[in-house]
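S.K.: Could you look at this predicted model? Sequence included:
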2 protein chains.
Amino acid sequence: MKRDLDIRVAIIEDDETIREGYAFLIGNTSGYKVVGAYRSCEEALKKIANDDPDVILLDVELPGVSGVEALPKLKKLLPETHILILTVYEQEMLIFRALGNGAAGYLTKNTPPEKIVAAIHEVMEGGGPMSAHIARMVISSFKRNESTPLTRRETEILEQIATGKSRKRIAEELFIDLETVKSHIKNIYHKLDVHSKADAIKAAKDNKFI
Amino acid sequence: MKRDLDIRVAIIEDDETIREGYAFLIGNTSGYKVVGAYRSCEEALKKIANDDPDVILLDVELPGVSGVEALPKLKKLLPETHILILTVYEQEMLIFRALGNGAAGYLTKNTPPEKIVAAIHEVMEGGGPMSAHIARMVISSFKRNESTPLTRRETEILEQIATGKSRKRIAEELFIDLETVKSHIKNIYHKLDVHSKADAIKAAKDNKFI
DNA sequence: TGCAAATCACCCATTACGGGTGAACACGCC
DNA sequence: GGCGTGTTCACCCGTAATGGGTGATTTGCA
């Protein structure tokens, strides 16, 4: 299907200077080829399927249909294509929405040109290129709060509650009595100063206790 | 406190050849200094506090106390120190446990020496260095399944259920009737072929529908 | 030896849950 | 124009789960 061995790159970016800059950079790197460049998602969604790109560089802050909104549509149109996000913003919500919608990498626009080319290569090799600060935020999102007021057992039980299991089922799976589970839950509620499952789960997640 | 401007690195690694190799590499790079090298976590936990390291390179597959187990203890001992995981394994469970326990980065042992030094630098600058394949796995963990059988509304309601909220509360927050929520839940259960909250949440999470 | 953690017990009233059946209305698609 | 899908709401049923009070025992680590 591919017409040669070059990595086929498409660019979706509204700023002409930046778009042309990327196109020039990538087009002049051996092994890479620009097969499409668009100023909007609407335009790209109509024509990009014909470009058969391996990688799409996607700006998230576009006028009209934003990059994150277009992501699922691009993925549906080109399921095998890797999509790299390019942005000036480093907002957590935006990052996690983009990654949840199928982005294969996330780069900030201060990324030096040679690193962008390296990222395209990396994503083709099964990697997940991210700018340093983005990577740190992603890693942080996994990190638990080490100064939890909950004991080991309480944390374990709250995790089970957060999966929707009933106290009875939790008791059975942990080989303890239902009364013991109730007792732990009462202690959890006191420590977190809440009066319901939902509030306990929210408080614990907000504070990264679970 | 710091005796000079070098980045202070400690190494915990049982294989002597590898340990010495890293020590030699880092010690001979200007701007870096090896302040400790240990063959086990037990040994490291006793003495490492005196080294006052900026970064610790930590092997996860150690005899005795494993790297992941030692992570919380090291973090408690040296809260300001960045810990970089070094491993041959790329198991998801190990990666997410390590990141959840406070690791600042995750490198595989096939990482070339100059990249290890770069990773130490990157972590000092607020980055989160990861090997390419690890980064892809981390990113994948965020990705939703685009071919969900659930509708938009059903997904929304299942997400609410997964936070532990009651149907009544969900109805209030979405400004719809309790009966409507019940109706959606019945449809969700049918689609996922389950008969309880817990099973629905599990099925949806396993398939990345939520 | 003492304190925290984990275990179990019995009390109470209220609410939530799972399932069946049916129906109205809006929207897009052929 | 009609058909399917998605969203909304209604009324039925019985069982199970929840939140809270009070108190007691045992185990393990410091």
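M.R.: Right, received. Where do you want to start?
S.K.: Pop the domain breakdown of chain A in here.
M.R.: Chain A is divided into the following domains under automatic domain parsing: A:7-140, A:152-206.
S.K.: Averaged pLDDT, the last one. What do you get?
M.R.: Just to be clear, that refers to domain A:152-206. Summarised as a single mean, pLDDT over domain A:152-206 is 98.
S.K.: what's the offset of it from the middle of its chain?
M.R.: 29 Å (CA atoms, centre = their mean, to the nearest Å).
S.K.: That domain vs DNA strand D: in contact?
M.R.: Yes - using CB under 7 Å from any atom of the strand, domain A:152-206 reaches DNA strand D at A:161, A:166-169, A:182-183, A:185-186, A:189, A:195-198. The way it works is simple: take the backbone N, C-alpha and C, and place the C-beta from them, glycine included.
S.K.: contact partners of the longest helix anywhere in chain A?
M.R.: Longest helix of chain A, by residue count under DSSP state H: helix A:178-192. Helix A:178-192 is contacted by residues A:149-150, A:153-154, A:157-158, A:161, A:167-168, A:170-171, A:174, A:195, A:199-200, A:203-204 when judged by CB atoms under 8 Å, 6 or more residues apart in numbering or on different chains.
S.K.: can you check stretch A:148-158 too?
M.R.: A:170, A:174, A:181, A:184-185, A:187-188, A:191-192, A:200-201, A:204, A:207, A:209-210.
S.K.: Same question for stretch A:75-85.
M.R.: So stretch A:75-85 is contacted by A:45, A:48-49, A:52-58, A:60, A:67, A:71, A:74, A:98, A:101-107, A:119-120, A:123-124, A:129, B:146 (CB under 8 Å, 6+ apart).
S.K.: tell me the mean pLDDT for that stretch?
M.R.: On average, the pLDDT along stretch A:75-85 is 92.
S.K.: buried sites along it?
M.R.: By 16 or more other CB atoms under 10 Å in any protein chain shown, the buried positions in stretch A:75-85 come out as A:75, A:78, A:81-85.
S.K.: Then stretch A:99-111?
M.R.: A:99-108.
S.K.: check contacts around the residue nearest to the spatial centre of chain A.
M.R.: Most central in chain A under CA atoms, centre = their mean is A:Leu99, positioned 2.0 Å from the mean C-alpha point. Taking CB under 8 Å, 6+ apart, we find A:Leu99 in contact with A:106, A:138, B:139, B:142-143.
S.K.: Please repeat the previous calculation with a cut-off of 6 Å.
M.R.: Residues in contact with A:Leu99 (CB atoms under 6 Å, 6 or more residues apart in numbering or on different chains) are B:139, B:142.
S.K.: Check A:Ile56 too.
M.R.: A:10, A:81, A:83.
S.K.: A helix includes it, no?
M.R.: No - assigned with DSSP: H, G, I helix; E, B strand; the rest coil, A:Ile56 falls outside any helix and is strand.
S.K.: all strands for chain A, in order.
M.R.: Secondary structure of chain A (DSSP state E): strands at A:7-12, A:32-38, A:55-59, A:82-87, A:105-108.
S.K.: by how many degrees do the first one and strand A:55-59 diverge?
M.R.: The directions of strand A:7-12 and strand A:55-59 differ by 20 degrees, with axes from the mean of the first three to the mean of the last three CA atoms, to 10 degrees as the criterion.
S.K.: how distant is strand A:7-12 from the center of its chain?
M.R.: 20 Å.
S.K.: and the residue in chain A that DNA strand D sits nearest to, how many neighbours does it have?
M.R.: Using CB to the nearest atom of the strand, A:His195 is the residue of chain A that sits closest to DNA strand D, at 3.0 Å. Residue neighbour count, defined by other CB atoms under 10 Å in any protein chain shown, stands at 10 for A:His195.
S.K.: Find the nearest non-adjacent residue to it, please.
M.R.: A:Tyr189 (6.3 Å; CB to CB, 6 or more residues apart in numbering or on different chains).
S.K.: related to what we said a few turns ago, going by neighbour count, which residues of the longest helix of chain A are buried?
M.R.: By neighbour count on 16+ other CB under 10 Å, the buried set for helix A:178-192 is A:181, A:184-185, A:187-189, A:191-192.
S.K.: Dump those into TSV; add distance to B:Cys41 as well.
M.R.: Compiled in TSV, the buried residues of helix A:178-192 are given as follows (distance: CB to CB, whole Å):
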residue	distance to B:Cys41
A:Val181	34
A:His184	30
A:Ile185	34
A:Asn187	32
A:Ile188	31
A:Tyr189	36
A:Lys191	30
A:Leu192	32
